[in-house]
Structures are given as C-alpha cells and as structure tokens.
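[1] sharing a sequence plus its predicted fold:
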Amino acid sequence: MNRLFDFMLPPEKSTTAGEVDALFHFITEVSLILLLGITAVMLYFAFKYRRKSEDETTPLITHNNTLEITWSVIPLILVLIVFSWGYQGYLAKTNPPDDAYEIRAVATSWLWQFHYQNGHVSTNELHVPANRPVRIIMSSDDVIHSFYVPDYRVKMDVLPNRYTQVWFEATEPGESVLYCAEYCGTAHSDMLADVIVHTQEDFELWLETGDAIDEDLSPAELGEQLVQRQGCMACHSTDGTVLQGPSFLGAFGRDRELTDGTTVTIDENYIRQSLLEPNTQVAAGFQPIMPSYAASLNDRQIDAIIEYLKTLEE
Amino acid sequence: MATSDSPNIKKLQVRRYPPEENPKKTYLTEERGLWAWMTTVDHKKIGWLYLSSIAFFFFVAGVLALLLRTELLTPSQSFITADTYNQLFTLHGAIMVFFFLVPSVPAALGNFILPLQLGCKDVAFPRVNLLSFYIYVAGAIIVLTAIFTGGVDTGWTFYTPYSSSAAGGNIMMMTFGVFVLGFSSILTGLNFIVTIHRMRSPGLTWNKLPLFLWGLYATSVIQILATPVLAITLLLLTMERLLGIGIFDPAIGGDPVLYQHFFWFYSHPAVYIMIVPGFGIISEIITTFSRKHIFGYWAIALSSLAIAFIGFLVWGHHMFVAGQSSLANMVFSFLTFLVGIPTGIKIFNWVATMYKGSIDLKTPMLYAMSFLFLFMIGGFTGIMLGALSVDIHLHDTYYVVAHFHYVMMGGMVFAFLGGLHYWWPKMTGKMYNEFWAKISLLILFIGFNLTFLPQFVMGSLGMPRRYFNYLEQFQGYHQLSTWGAYLLGVGFVIMAVYLFHSMRNGKQAKANPWGSRSLEWQASSPPPLHNFEHHTPVIIHGSYDYHKPMSEFQLGIPTSHNGHGEEETVTPEPGPAEEADK
Amino acid sequence: MAQPSLSVKKEKPEHHHFVDADQQFEASKMGVWIFLVTEILFFGGLFAAYIVYRAWYPELFIAASDELDVFWGAVNTVVLISSSLTVAMAIRSVQLNQIKGLIINLWITISLAGVFMVIKYFEYAEKIGKGVLPGAHYTYDGVDHEKANIFFSIYYMMTGLHGIHVLVGISLMLWLVWKAKKGHFSSKYYNPVEGTGLYWHLVDIIWIFLFPLLYLID
C-alpha cells in the first residue's frame, strides 16, 4: 500500500511489522488533519479578528459547555481507539508462538553473542531462518542494553539480572541491522550486529558448518575478517588510536606492562590467553571488561587472528 | 486580611490608583549595588538572579548542543571522541532539564510576577526564597565541579547499573549536585503554594485567580510531591557509589529496573513541572493580545490540576520495553492517553479565545501561536509514543528525541520566551525592538522545525538516540538537523543583542503597554520596591474582564503608610462595593 | 453581625510584607505543613524500596530482622514518644507566655533526643563490629540469605536518614533555646517553636513506623 508517510518507515520484514505500520500511519494521518485544521482556524481568527483600532471592544464569551464536551469526548474516543489498537498489536508482539525456534543472546559491552541450540556461537551476527518464528532469550553480562531491529519493529531491553525475550518471524531471506538501543557507554553506537536471514535449508546448513566461507582464505585474511566480525574493533583500533582497549597496531612482539605490575611479551600464547580468559592478564591502564571468546572461536580461528595481528606492523 | 470579619457585609472604601508613568523610584533604583542584589529578599530581584542564572545555563547547554550537532554532520568521528560526545549529551540534557527547564518559568518569571498578580508585597517567605536561589547556586557549583573533575557520561537519566558501577567520571558529585538542586525547587514550590493560599489581595477569590497562577499552583504541587522522590533516588544512587548499598546494582543483588521506576516517578511529573507554567503564560498572552475574556476559564484551570494529578500515574510509559509486565504496560499506556485529553482541552480553549477577539500580532502573541503549533506536534507524537505497539519500534530512537524537543523547546521554551517578551516592559521598564524580535522569532521557528522535523523521520526509520557513530543512510537527515541547529543559534544571538540593547537604550515602557486587565499591569513599569507601594489592591473584576473599562481595575484600599499601619480604620460606607471614591 | 469590624486592632507582623500577624502565623504554619509533606515523600521513596524488597524476599526480612535488638529499639521508641510529649509541653508553655517553662521543656526534649542518638550509636557499633555493613561491604555470615546485605542497606539508609533528622531537630531546638533566652518568643509570636514542634512530631512518627517495620517482623 502506498501511503503518505511510507518514507518514514523502514521496509517491513517481519510478520508483525505491518500491524505497527498501520497504526503509525493512522496516527500520523489523523494528527496531520487535526494539526492543519486547528492551525488553519487559528490563522484565520488571527487574520479575521485582527485589531483594527485601539479602542475596539470584544464581546464577553466565557464558556460553552457543549463545545467543551465535544472537544473532550471526540479526542477521548480517538485515543481509546489508538490505545486498544496499540495494546492489541503489543500483545501479538509479546507472546511468541509455541513452536518458535529459540536462540540465546548475551549482550556485553559492546558486542552481541548468539548461542544456538546445537552449541554453535556467533558474535555480532544473528542467523535466523525465514518464515519461522524465532524467540530470542536475552541477558546482559554487565549493564542494560537493548535489542532493536527496526526492520522487524521489535525492541526489548537486555538486563543483567533477569532474562527478557523478544520474538519475530522474518518474512524473507536477507540482511537487517540490529542496534543496541539503550545507552551503554563509550562504544554504544558501535554495538551493531547483522541479522542474517536464511531460507530454512540454508539455515540448517549454516548451523552444521558455521562460517564455511572461511575455507579458501589465507589465515591473515580470515583473521582480519574475524577481527571485524567479532566486534573487536569496538575497543581495539588497527591504526594506533587508543580506545577502551590497546591498539593492535604494532602490538605483536612488543613488551606490555600489566595491571599487576608485571610485564609480558605479546606473543602467540598471550593473544590466545587474552581471547580465552581475557581478564587474567589486563594491560596497565585499561579496565578488565573484555568478554571471553572461548565459546565462539575455534583453534583455527584463533591462529588466524594471531596471524593477522602479526601483519599489523607500524 | 484587612477585609471585614463579617460573613455577609463586605463594603470597602476604595480609591482609584492609576499607575505612575515614568516612575522615579522603582525596585531598580532602590537598594542598588552588587551586595544589595546578592542579599536581596525582594522577589523581583530574586527573579532576576534566577533569570540571569538560567540564561547562563541555557547558553552553556545550547553551545553543547551545537557541538553535538556539529559532530553529527558526519557518520563517524569528526572532531571529538566518543567519550567526549557522551559527556556532552549528558551535560546538555542534565543542564537543560535541571538548571534551565525546571526553574525557568516558576523561579525566574514566576518569582517576579506571582506577588504582583496577587497584589502582595512579596512571597510568603522572602528569605526562604533567597535561600532557594543560593541552594540552586550551590547545586550548580557542585555540578560544575563534577564536570571539571572527570565529567559524567551516563545520560541525564543516570540509569543503573551503568551509573552505579560501569561508568567512569564523577557521577557521585553530579548526582549529589542535582540532589541539592532539588531542594531549591521544593522550597520555591512551597513558597508559591503558601503565597497563593494566604497572601491574595482582598477580593482575589479562587475563581478570579489569573491562569498563570493556576499553572504555577499546579506546578508547585508537583514540585513538592515529586522532587523529594527524586532526591531520595539520587541519594540512594550516591550511596550506591559511595558505600555500595546495592539497592539498584545487580552486581550486589539490587534491581536496576527499580531505579527506573524511582527515577521516572519524579522525572515524568517533572515534564509537567516544565510545561504547565508555560500553559499559564499562554493563557495570559492570548487573552491580552486578543483583548478578550478567556474562553473556558475553569476548563483551563482545572485541566492544569488534572494534568498534575494524572501526570503522577504515567511514569511507566518510559519503560514499555524495560521488562515490566504486560499488565503494567497496558495500565500505563491507558493513563498516558488520559493526560492527552486535558492538554487537548487547553488548546481548543485557547483557539476559541481568539474567536471574535481584537487580535494584535505583537511578538508575545506570535510566540503563543508558534507555541500552539509546535506543542500540538509534540502532543500528537506523544500519542504515537503512548501506543504500545508503535512505541516498541520508536522507543529510544530520534523520534523520541524530536518528540520531547517539540514539547520542551517548541512548547516550553517558546512559552518562556513569549512570557519574557510579554513581561519584559514590566521587568525592565523598557520596550524591546519589535522588528528585530519578530525577525528573531521567524529564524527560531524555521530553525527549530529544520532541526527536529528530520529527526522524526530518521527516528522512525530506526536511528537510535545517543549514537556517536551512525549508518550513512541517515547522514542527510543529520545534516539538515545540524543546519537547523545553527539557525537556532543565530536566532538566539539576535535575541540576546536586542534584549541587552533595550535594557540600556530601549524606549521607556508605559505601565500597561498591552492594555492588559491583569493586576501586575496596574503597577508602574518597573514596579516600586514593594509593588503597590501605598495601598493594598482590591480586586473586584476577574483579570480577563476585557469588556469592562480599565478604570475599574485600578482600585485599592487607601492606607496611611505602606499598608501596615498600627491601626487601619476604614469606615465602611453604604453603597456598592465597586464604588470608587474619587 | 451588624457592623463590619474593620477597625479591629490587628497585631503588627514580625515581617513587614505580611498584612498582619494572623496572616503571618497562618502562612508560616502552612509552610511547615507543606514542608512536612515533602519530608514524608522523601522517606516515602525508602519505604517504597522497603515494600518492594519485602514483597520479593519476605523470608529475608524475617531472618534479618532477628539481628536487630528489639529491646533497645523499644527503649528508643519510648524515649522518642516522651520527647514528643515534652515538645508539646514546650509549645503549651510559650502559648501561656511561660518562657522559663519553654526553655526547660526544650532542654528535656534535647536530652531525650540525645539519649536516642546514644542508644542508636551503640546499636550501630555492635553491628559494624560483627561485619553487618551495607551492601558491598557486608561480611557477616549470621543471616542465611544471599540478599541479606540489601536488608541492611535499607536498614542503614532508613535509620541513618532518620538519625540525621534527629540531629537537625536537636540543632533547631538549641537554636530555639538561644532565641528564647534572648526574649524573642511570647504568646503573641512563637511560630518557630510551633514549626519545630511539628517537625519533631514527624521525626517521632517516622520512627514509630520504622520500629515495627524493621525490628518487629516475624
């Protein structure tokens, strides 16, 4: 349907998006009519009854109960329509169907990890099947985050001390952006992830093989891809800028002072240790905030990241 | 009060007191010098102290906004780091809310106008009034110290656990500063309520109370009921960081959503603290410049109280996606829509007041009309955000940012500026330049819409708020918004110039340049030190009785000296109470 | 009434911006009452936190409240109620223009408030001694509940804030004694005494709520 305010909304890519959009259009259009109507009356009065001489007098009109009731009741009816419409849509959005496919999401400052039922873990990439309800059960490792996919019109806060959930059914294969919508600190605006919708078969395949695309890359190329995809860049730059974590540029082979006062050389073992148990050896001057990648990287991928870091010479 | 104790006979001997033009002795010429100003208990001077402070903070927070908008010209970092950006938007929000919006109308304009509209010499507790100003200053100094010793990057909402454990900077001092500031707000509210209850002039009954005072009254009620809850919340948050008491911090066993309930229990009514006095100003301006009786006096007066009351029950609509129960969401959504009704009633009544009026499109009236237009947009988009299913999509996006800027800036700031221009001749005794005032308003109006209309679009397209970096698809909207913000800056600079200019070189203002019937205009411009120096005003007509001649509004009880003689003997005379003794 | 009594002699107000002393008295009384409303809401936030946590963890509150000393709590309740009585007698004295009685009653109230604070000090010292500290610093293991620290956070916040109010009350009454000695008060002007009295009753009432809510749960 082509409507006046279509340009204000992203494409509808979930089964519940249309419902939200219909209400959005209804409110916007009714509001526009009221806004223009009232403004026109106001401007008309301002012109028609403009002051023509300084000693003009005006009639005494104090109130009119019929009018007062009219302009209380009509808006009341309108907002009641909006209320029940909105509540209905909300209920549909909050109660997932029983057969929904479950994915566990963990938010950490500042990345997303998704755990699938077969033990597979992906970082900053949410893979889902099309045309099947998906239920995401979410928790946070630290502060409050919020799971927001505009294309699906879904949003839910991710809390540190309890589980929250969100569900949607993607209508077609493709990609959408997942944002963190609750302010969570320095790299809040980089806490983005991709939602990748597969057909049912492709999804099964992906679950089996994971990122099979890695096969034909050189280790350093694969490492670069992983560093970008796994959310490392939110805290570690490759150009020497110091963010929440030390920069990767020229890091390999250098000596680094740790928070406990000791010094280590950044070698293969230090990088491996930092990925698997990141907060055991924290570089001096930084906070122990890095999440563990033990579940999401295999040995081959860790090797690839090490190879990539070796290439980043100053 | 110096009226009769008898319940049935109220006959007063009154005299006509036309206000003195070009007064020699005014509150500005008496008790001069810096020390006298800093220790003054005069409500008019305290109003000025507040006005200059909030102007300062408005300038600071405005500059911060321009820096933020400049950074957002490009999708990635251009000239400040992410941490700096986060600190700047936190400060922009916190300063605007706590140091500008909350005190702007009540403490600055309200302090000046309220006793004048009541016909009393001062507020009930003048020294408490001065104390509340210095508490404001103390809070400001603490907050400024916090900014210069580490800064704060939590957002003005200080959500836990980010604020209690994760964030760096000097949050403890910041929240303590806002805590201190709260007492200033409480004391002002307390002072106003007592003054309105106890210090009205003879004849000023509740059904003649100017609507500005009804607005301030409703505001004061919210201030004294809601601010203590914010105070205790911020105290708990301060203790959270100082002692780790853990009530809100999940790492120690607390609950972060409880914090949000506490915070919004204050901060939603606080929205009404900011806007309700603005409603009052609009009622005054529209009647004065339409020279017509207000339409639906009681509808407007009571809707302010209704908003104040319902406003306490809707805080949960900030938390539709925070994990509260569906039932809670439904109730809060429903109540949210109910607040819309009294707000709508006001708008209809204001427009109806213009019907068959004698409308003079002076700057304050243009501000009032701009207010109506912009505030309606703010209101309608509020309805959008109250609808549960749509809010799930729009929550924490730029749509919300645009919505509350339309309410707070398009509504509240435009009402405040309208009031400032309206009462400027009374406060300074000088007229501002009408031409430049209109130019500046035009620039502000265009600039404002250019800044915030694109934000509605990018918000509903999915641009989350508080984002330092953003996706390239939003860049066009962000750039429009930034250019609009620059235009706003230009508009404010012009305003500052012509207002300062008018203070020194403006044309002398008449006592009642707008021909208003309201009591503050029956004092000279600027008023004498004790407002109605030589008499107690007597109110017989309502302040919107434009169908009656001006002379009937200039009545007062003659007294021997300054209204507090040892013995006030007023011989009652037979005859109608209105009879003027000339 | 046949004749309007406009010529009634009005008392001169203490502060000149009031029309007369009646207006001033009414205004300051109303001001104090409104201030007390804000105080109730201020504590109300803590009571809300209490209610929420008690609803979530009822067993915690029963277990943890055993750690509090009911005997000394009860003594303190009696002490505060007595002080409310003496402050009321102080107001009565000044209404009867008995300035000496006013001063004596104020001193008794101040001493009772002092006794309250001393008992409170020993209660705190005993708890801090065994590691019952708020929130993160909690080290005591006598209460078998993972959220025991939260109960004591609430306990310390509530009683601590109340204690600060007692201290403020003591200072206010010392100030009243000083003003009374300088002859500021009489049966015609005693607004500050009345206001402080109301404040002191509120401090008392808050304790009367705190005592059963914290000490007497089972």
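    Looks like it came in fine.

[2] helix/strand/coil for residue A:167?
    At residue A:167, secondary structure determined by DSSP: H, G, I helix; E, B strand; the rest coil is strand.

[3] ok, now which ones touch it?
    By CB atoms under 8 Å, 6 or more residues apart in numbering or on different chains, the contact list for residue A:167 reads A:93, A:96-97, A:100, A:133-136, A:154. Bear in mind the C-beta positions are built from the backbone N, C-alpha and C, glycine included.

[4] pull out the buried residues from those residues.
    Applying 16 or more other CB atoms under 10 Å in any protein chain shown to these, the neighbour count classes A:93, A:96, A:100, A:133-136, A:154 as buried.

[5] Throw these into TSV and include secondary structure, thanks.
    Below are the buried ones among the contacts of residue A:167 laid out as TSV (three-state DSSP):
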residue	secondary structure
A:93	helix
A:96	coil
A:100	coil
A:133	coil
A:134	strand
A:135	strand
A:136	strand
A:154	strand
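
[6] now do the helices in the stretch 451-582 of chain B.
    B:475-505 (DSSP state H, counting those that start in this stretch).

[7] equivalent analysis for chain C, please.
    C:21-56, C:58-65, C:70-95, C:99-129, C:148-181, C:191-210 (DSSP state H).

[8] list the helices and strands the longest one packs on?
    Contacts defined by 3 or more CB pairs under 8 Å, 6 or more residues apart in numbering or on different chains; DSSP states H and E place helix C:21-56 against helix B:171-198, helix B:211-243, helix B:256-290, helix C:58-65, helix C:148-181, helix C:191-210.

[9] at 6 Å what do you get?
    helix B:171-198, helix B:211-243, helix C:148-181, helix C:191-210 (3 or more CB pairs under 6 Å, 6 or more residues apart in numbering or on different chains; DSSP states H and E).

[10] dump those into a markdown table; add distance to chain A, mean neighbour count and mean pLDDT as well.
    Listed next are these as a markdown table, based on distance: least, CB to the nearest CB, whole Å; neighbours: other CB atoms under 10 Å in any protein chain shown; pLDDT from 0 to 100:
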| stretch | distance to chain A | mean neighbour count | mean pLDDT |
| --- | --- | --- | --- |
| helix B:171-198 | 13 | 24 | 92 |
| helix B:211-243 | 13 | 25 | 90 |
| helix C:148-181 | 12 | 19 | 92 |
| helix C:191-210 | 28 | 20 | 93 |
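
[11] is it possible to get TSV of those helices that adds distance to residue B:271?
    Output for the helices and strands packed on helix C:21-56, formatted as TSV (distance: least, CB to CB, whole Å):
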stretch	distance to residue B:271
helix B:171-198	14
helix B:211-243	10
helix C:148-181	27
helix C:191-210	30
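
[12] of these, which is nearest residue B:462?
    Minimum separation from residue B:462 across the helices and strands packed on helix C:21-56 (CB to CB) falls at helix B:171-198, 30.1 Å.

[13] next, the angle helix B:211-243 makes with the closest one.
    150 degrees (axes from the mean of the first three to the mean of the last three CA atoms, to 10 degrees).

[14] would you mind getting the angle between helix B:171-198 and helix B:256-290?
    Going by the same axes, to 10 degrees, helix B:171-198 makes 40 degrees with helix B:256-290.

[15] mind giving me the packing neighbours of helix B:171-198?
    Using 3+ CB pairs under 6 Å, 6+ apart, helix B:171-198 is in contact with helix B:126-148, helix B:211-243, helix C:21-56.

[16] save the ones you listed as CSV, and put in distance to residue C:134 too.
    Converted to CSV, the helices and strands packed on helix B:171-198 look like this (distance: least, CB to CB, whole Å):
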stretch, distance to residue C:134
helix B:126-148, 23
helix B:211-243, 5
helix C:21-56, 13
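
[17] of all those, which one is nearest residue A:262?
    helix B:211-243 (30.3 Å).

[18] and the closest residue to chain B within chain C, how far from residue A:208?
    Of all residues in chain C, residue C:136 sits closest to chain B, at 2.9 Å by CB to the nearest CB. The gap separating residue C:136 from residue A:208 is 46 Å, by CB to CB, to the nearest Å.

[19] cool, residue C:118 as well?
    74 Å.

[20] next one: residue C:179
    86 Å.

[21] now do residue A:109
    31 Å.

[22] neighbour-wise, which of these two wins?
    When residue A:109 and residue A:208 are compared for neighbours, residue A:109 comes out ahead with 25 against 10, by other CB atoms under 10 Å in any protein chain shown.

[23] domain map for chain A?
    Using automatic domain parsing, the domain ranges for chain A come out as A:6-50+A:62-94, A:101-210, A:215-311.

[24] include mean pLDDT when you put the ones you listed into JSON lines, please.
    Shown next, in JSON lines, are those (pLDDT from 0 to 100):
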{"stretch": "domain A:6-50+A:62-94", "mean pLDDT": "93"}
{"stretch": "domain A:101-210", "mean pLDDT": "91"}
{"stretch": "domain A:215-311", "mean pLDDT": "82"}
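
[25] ranking those domains by burial, who's on top?
    domain A:101-210 (a mean of 21; mean count of other CB atoms under 10 Å in any protein chain shown).

[26] who's in contact with residue 25?
    Just so you know, I chose chain A. A:3, A:5 (CB atoms under 6 Å, 6 or more residues apart in numbering or on different chains).

[27] distance between the helix or strand hosting it and the chain's centre?
    Taking DSSP states H and E as the criterion, residue A:25 maps to helix A:17-48. Centre-to-centre, helix A:17-48 and its host chain are 31 Å apart (CA atoms, centre = their mean, to the nearest Å).

[28] could you give the angle of that helix to helix B:256-290?
    20 degrees.

[29] show me the shaky parts of chain B.
    Scanning chain B for pLDDT under 70 picks out the ranges B:1-12, B:166-167, B:559-582.
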